[in-house]
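Peer 1: any chance you could fold what I've pasted below:
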Amino acid sequence: MVNGTTGETSPRSGEDAPISPQRNDDPKATTGSVGGGALCNDLSGLCLGARGEIETSKSGVYTSIARLASQLDSGREGGDVPLITIQTNRSALLIKEYYGHAVVLRVPTDAEAE
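Peer 2: Have a look, this model is predicted:
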């Protein structure tokens, strides 16, 4: 169904609404903690949405890392998708691919929160 004023299509009964890209440039507006964040990419590595303190400009890199890690362990049966953890002095990044969508969580370390 097409909205007459905006020209946008709304989902039909029983259909999921389309995902629209969202950005939040103020990390403290939606998170109670300092430095944490989350990001989700589409199948092409483009950022669908992000919350908190996470670099959306690196969204394609996160997707590439998730796909490369899957190739390293592709010979195993069961097809488990690996969880990648990247730790630095400031934070830890958790990267995992779900149905082609890379999901990234940024967790600050104790040193950054102080």
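Peer 1: for the protein, what's the longest helix?
Peer 2: Secondary structure of the chain per DSSP state H: the longest helix is helix 59-72.
Peer 1: with just CA atoms, put that helix into CSV.
Peer 2: Written as CSV, here are the backbone C-alpha positions of helix 59-72 (Å, rounded to 0.1, in the frame of the first residue of the first chain):
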residue,chain,number,x,y,z
SER,A,59,31.1,-1.4,8.9
GLY,A,60,32.4,-3.0,5.7
VAL,A,61,35.6,-4.1,7.5
TYR,A,62,33.5,-5.9,10.2
THR,A,63,31.6,-7.8,7.5
SER,A,64,34.9,-8.8,5.8
ILE,A,65,36.4,-10.1,9.1
ALA,A,66,33.2,-12.1,9.9
ARG,A,67,33.2,-13.7,6.4
LEU,A,68,37.0,-14.5,6.4
ALA,A,69,36.7,-16.1,9.8
SER,A,70,33.9,-18.3,8.5
GLN,A,71,36.2,-19.5,5.7
LEU,A,72,38.9,-20.5,8.2
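Peer 1: P82 against Q71, yeah?
Peer 2: No. In this structure P82 lies outside contact range of Q71 using CB atoms under 8 Å: 10.0 Å. Bear in mind the C-beta positions are built from the backbone N, C-alpha and C, glycine included.
Peer 1: who's more crowded, those two?
Peer 2: Neighbours of P82 and Q71, each counted by other CB atoms under 10 Å, are more numerous for P82; the result is 16 against 9.
Peer 1: and the gap between the nearest residue to T88 once chain neighbours are set aside and K96?
Peer 2: Once flanking residues are discounted, T88 sits nearest to T109: 7.9 Å by CB to CB, 6 or more residues apart in numbering. For T109, the distance to K96 equals 20 Å [CB to CB, to the nearest Å].
Peer 1: lovely, talk soon.
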